[in-house]
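> need the 3D shape of this:
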Amino acid sequence: MLVITLMLISAHASVALQGNTFKKDDAHSGRSLVCDSCPPGTYLRASCSATQKTDCAKCPAGSFTEVWNYISKCLRCSMCAENQVVKEECSSSKNCKCECKSGYYFNQKLDTCIKHKECPIGYGVKTTGTPERDTECEQCQSGFYSDVGSAKTTCIAHTQCDDGGFHLVLKGKVWHDTLCASCLDLKTRDGAEYVREILPAFFTQLHQTMHIRKMRRLVMKLPQMGGEKLLRGAIFKLSRMGLIEYINRWIRTTVANDQIKKLPDILKKIGALHAGRKLKRDLEYIEKQSELCKS
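Modelled structure (predicted):
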């Protein structure tokens, strides 16, 4: 393919000098003939002779020539590589053009299409990825948050509790929205129920920096889920993503609020002191707001 391509380039260079022609020695007369080249979309079926002009034929389906040439066979149309789609179909005079499929971009160093990166929790999309460029992320500014990892979601403004006549239950952070509630809700709902709403984002952003060994210890210390208790060997087989999926499933299926209230102590026991203190402060703050409504 490379050799033929070089012949085409060479032929094209020859065209520039000789006006779409090429030289050929005639076997019968011994004379040097100047033959017409074949235009793009065709190939040389038969060279010219002392009595006949160059015979060019159209490239068959699935092949092409892009420049004036005198090759005996058209080039085969390219096939798009893995994770690529056809941007422009191949024609007799033009090779097909490929681009990375949706959600992927072309990495020049690796010479292949790579999946757009997802902005982690606490970060939003600054520039959406294209087939030629990866996603650009930026940390959410004060007053904004992102509670999911995404290649498309931008940072979202925190909810303003005053706009709906609600009380501030928990101030928003870059990884979760502000929690709002009426006094009636605060009187009747357990504070742990509000914390449950932010736990998926809490653990997802935590697992981004927590060592996998510590995550495994966390899963081992979680209260049983519906009578299910993972064996130590099964836990060690889980990947980082598998561990966070297990934790999120535990959050969704755990009913008892007292189990959620035990999480700060569990985090403390596995050595995640800062995370434990942070969760404990949130629980205490919510309880304080509840007491204010009751008074």
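> and residue 263, what does it touch?
The contact partners of residue 263, taken as Cβ atoms under 8 Å, 6 or more residues apart in numbering, are 199, 276, 279. In short, each C-beta sits where N, CA and C put it, glycine included.
> are any of the residues you listed buried, and which?
For the contacts of residue 263, a burial check counting by 16 or more other Cβ atoms under 10 Å picks out 199, 276, 279.
> from those, which is closest to residue 261?
Nearest to residue 261, judged by Cβ to Cβ, of these is residue 279 at 9.6 Å.
> excluding chain neighbours, what is closest to the closest one?
Excluding its sequence neighbours, the residue lying closest to residue 279 (Cβ to Cβ, 6 or more residues apart in numbering) is residue 264, at 4.8 Å.
> ok, now which ones touch that neighbour?
Residue 264 sits next to 276, 277, 279, 280, 283 when contact means Cβ under 8 Å, 6+ apart.
> now the helix or strand hosting it: mean pLDDT?
If you go by DSSP states H and E, residue 264 is part of helix 263-269. In this model, helix 263-269 carries a mean pLDDT of 94.
> same question for stretch 123-130.
Average pLDDT, stretch 123-130: 97.
> list the buried ones in that stretch?
Buried residues in stretch 123-130 (16+ other Cβ under 10 Å): 123, 124, 125, 129.
> closest one of these to residue 90?
Residue 90 has its nearest neighbour among those in residue 129, at 26.7 Å by Cβ to Cβ.
> which secondary structure state is assigned to that closest one?
Following DSSP: H, G, I helix; E, B strand; the rest coil, the label given to residue 129 is coil.
> ditto for residue 290
Classification of residue 290 by three-state DSSP places it in helix.
> for it, what are its contacts?
Counted by Cβ under 8 Å, 6+ apart, residue 290 has contacts 186, 187, 191.
> let's see that with 6 Å instead.
Neighbouring residues of residue 290 by Cβ atoms under 6 Å, 6 or more residues apart in numbering: residue 186.
> can you give me the helices in the stretch 51-200 of the chain?
183-188, 191-207 (DSSP state H, counting those that start in this stretch).
> who's the closest residue to residue 155 other than its chain neighbours bridged to?
In space, and not counting its chain neighbours, residue 155 is closest to residue 124: 3.4 Å by Cβ to Cβ, 6+ apart. Following DSSP bridges, residue 124 is listed with bridge partners residue 138.
> am I right that residue 124 is in contact with residue 146?
Yes. Applying Cβ atoms under 6 Å, one finds residue 124 in contact with residue 146, separated by 4.8 Å.
> okay, the buried ones among the contacts of residue 263 in a markdown table with pLDDT next?
Listed next are those as a markdown table, based on pLDDT from 0 to 100:
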| residue | pLDDT |
| --- | --- |
| 199 | 93 |
| 276 | 94 |
| 279 | 93 |
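> who's the closest spatial neighbour of the residue positioned nearest the centre of the chain, skipping the chain neighbours?
Centroid check for the chain by Cα atoms, centre = their mean gives residue 116 as the closest residue, at 2.5 Å. Computed as Cβ to Cβ, 6+ apart, the closest residue to residue 116 that is not its neighbour in sequence is residue 129, at 3.7 Å.
> what of residue 246?
In this structure, residue 246 finds its nearest non-sequential neighbour in residue 219, 5.8 Å apart by Cβ to Cβ, 6+ apart.
> ok, residue 190 next?
Using Cβ to Cβ, 6+ apart and skipping residues adjacent in sequence, the residue nearest residue 190 is residue 257, 4.5 Å away.
> in this protein, which helix or strand is least confident?
When each helix and strand of the chain is scored by mean pLDDT, DSSP states H and E, helix 2-18 comes last, with a mean of 41.
> ok, residue 106 to residue 98 distance?
9 Å (Cβ to Cβ, to the nearest Å).
> repeat that for residue 91.
Distance, residue 91 to residue 98, by Cβ to Cβ: 15 Å.
> looking at those two, which one has more neighbours?
residue 98 (19 against 15; other Cβ atoms under 10 Å).
> what about the closest residue to that one other than its chain neighbours, distance to residue 233?
Among residues not flanking residue 98 along the chain, residue 80 sits closest, at 3.9 Å (Cβ to Cβ, 6+ apart). Separation of residue 80 from residue 233 (Cβ to Cβ): 44 Å.
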